[in-house]
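Colleague: I would like to see how this sequence folds:
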Amino acid sequence: MKRLVIALGGNALGNNAEEQLQLVKHTAKTIVDLVEEGYNVIVGHGNGPQVGMINLAMDFAANNGANTPFMPFAECGAMSQGYIGYHLQQSIRDELKTRKINKNVATVVTQVVVDKDDEAFKNLTKPVGMFYTKEESEKIAAEKGFTFVEDAGRGYRRVVASPQPQEIVELETVKQLVDNGTIVITVGGGGIPVVENEDGSLTGVAAVIDKDRSSAKLAKDLDAEMLVILT
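Modeller: From the prediction side, this is the model:
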């Protein structure tokens, strides 16, 4: 069966959970159309607005007396993979049942290795999270070592790196699921960025991997016949 990787744009998934759940119902129809045409479909997706929303909420709560802990950016990415995957797999499952197609669908929380020496870590360009005053940003930068830039006159925002994907950690798991005919949702948001330590362990880093680059690597690693980028 031919393998087809679809990369869904994060901006195409709506601005909030309710809107996203409605939009992915339409996306699910397209995906199941392709399944009916005989394709083994693997889905990647962006998470720009979603991880930004999570990061913003966690930052606001941590800084405004809610007594919630600071949440690292990699963990915010993992959260976004979970809830976007939940919406996609629920909608795809419902569409499969409507058409009486017996097929499984699953989300794999996916880590993607990046090179700690990638030039992107020396040139932080990706704005994330909330806006701060100059004084607030300087205080947070001193406390946590973050980098901030002035953003179009609206205040100061944290910036993180956008490194190249090197390796999809859960690739073998994805392959096994695909080989069993499962529709797999993976490399969400380009994957959770991690670096490999000298002992082989992995550590999450504050970065955003381009979802099209990760989806293209996924398609290549799976020997897919086609990569479709939907924005």
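
Colleague: contacting residues around stretch 168-178?
Modeller: With CB atoms under 8 Å, 6 or more residues apart in numbering as the test, stretch 168-178 has contacts from 3, 40, 42, 106, 108-113, 184, 186-187, 191, 194, 202, 214, 217-218, 221-222. (Glycine included, C-beta is placed from N, CA and C.)

Colleague: just the buried residues of those.
Modeller: Neighbour-count burial (16 or more other CB atoms under 10 Å) is assigned, among the contacts of stretch 168-178, to 3, 40, 42, 106, 108-113, 184, 186-187, 191, 194, 214, 217-218, 222.

Colleague: so which of those residues belong to helices?
Modeller: Secondary structure defined by DSSP state H assigns 214, 217, 218 of these to helices.

Colleague: can I get those residues in CSV including distance to residue 94 and pLDDT?
Modeller: Listed next are these as CSV, based on distance: CB to CB, whole Å; pLDDT from 0 to 100:
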residue, distance to residue 94, pLDDT
214, 27, 97
217, 30, 98
218, 25, 98
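
Colleague: count of residues packed around the closest residue to residue 221 other than its chain neighbours?
Modeller: Beyond its immediate neighbours in the sequence, the residue positioned closest to residue 221 (CB to CB, 6 or more residues apart in numbering) is residue 171, lying 5.6 Å away. For residue 171, the number of neighbouring residues by other CB atoms under 10 Å comes to 18.

Colleague: same thing with residue 84?
Modeller: The number of residues near residue 84, taken as other CB under 10 Å, comes to 26.

Colleague: cool, and the one 4 residues further on?
Modeller: In terms of burial, residue 88 registers 25 neighbours under the definition other CB under 10 Å.

Colleague: so what's it up against?
Modeller: Contacts for residue 88 (CB under 8 Å, 6+ apart) come out as 24, 27, 28, 43, 45, 105, 107, 185.

Colleague: and of those, the nearest to residue 124?
Modeller: Nearest to residue 124 out of the contacts of residue 88 is residue 45 (CB to CB; 23.6 Å).

Colleague: so the closest one makes contact with residue 185?
Modeller: Yes. When contacts are counted by CB atoms under 8 Å, residue 45 is listed as touching residue 185 (7.2 Å).

Colleague: okay, and the common contacts of those two?
Modeller: Any residue near both residue 45 and residue 185 by CB under 8 Å, 6+ apart counts here, and that gives 84, 88.

Colleague: next, residue 229: secondary structure please.
Modeller: Three-state call for residue 229 (DSSP: H, G, I helix; E, B strand; the rest coil): strand.

Colleague: then residue 51?
Modeller: Of the three states, residue 51 takes helix under three-state DSSP.

Colleague: and it, how far is that from residue 162?
Modeller: As defined by CB to CB, to the nearest Å, residue 51 lies at a distance of 13 Å from residue 162.

Colleague: tell me, what residue is most central in the protein?
Modeller: For the chain, the residue nearest the mean C-alpha position is residue 189 (1.5 Å; CA atoms, centre = their mean).

Colleague: please name the nearest non-neighbouring residue to it.
Modeller: Nearest residue to residue 189 in three dimensions, chain neighbours excluded: residue 47, at 3.2 Å (CB to CB, 6+ apart).

Colleague: same question for residue 103.
Modeller: Counting by CB to CB, 6+ apart, the residue nearest residue 103 is residue 96, at 5.4 Å.

Colleague: what about the closest residue to residue 180 other than its chain neighbours, neighbour count?
Modeller: The spatial neighbour of residue 180 that comes closest, neighbours along the chain excluded (CB to CB, 6+ apart), is residue 104 at 7.6 Å. Neighbours of residue 104 under the rule other CB under 10 Å: 14.
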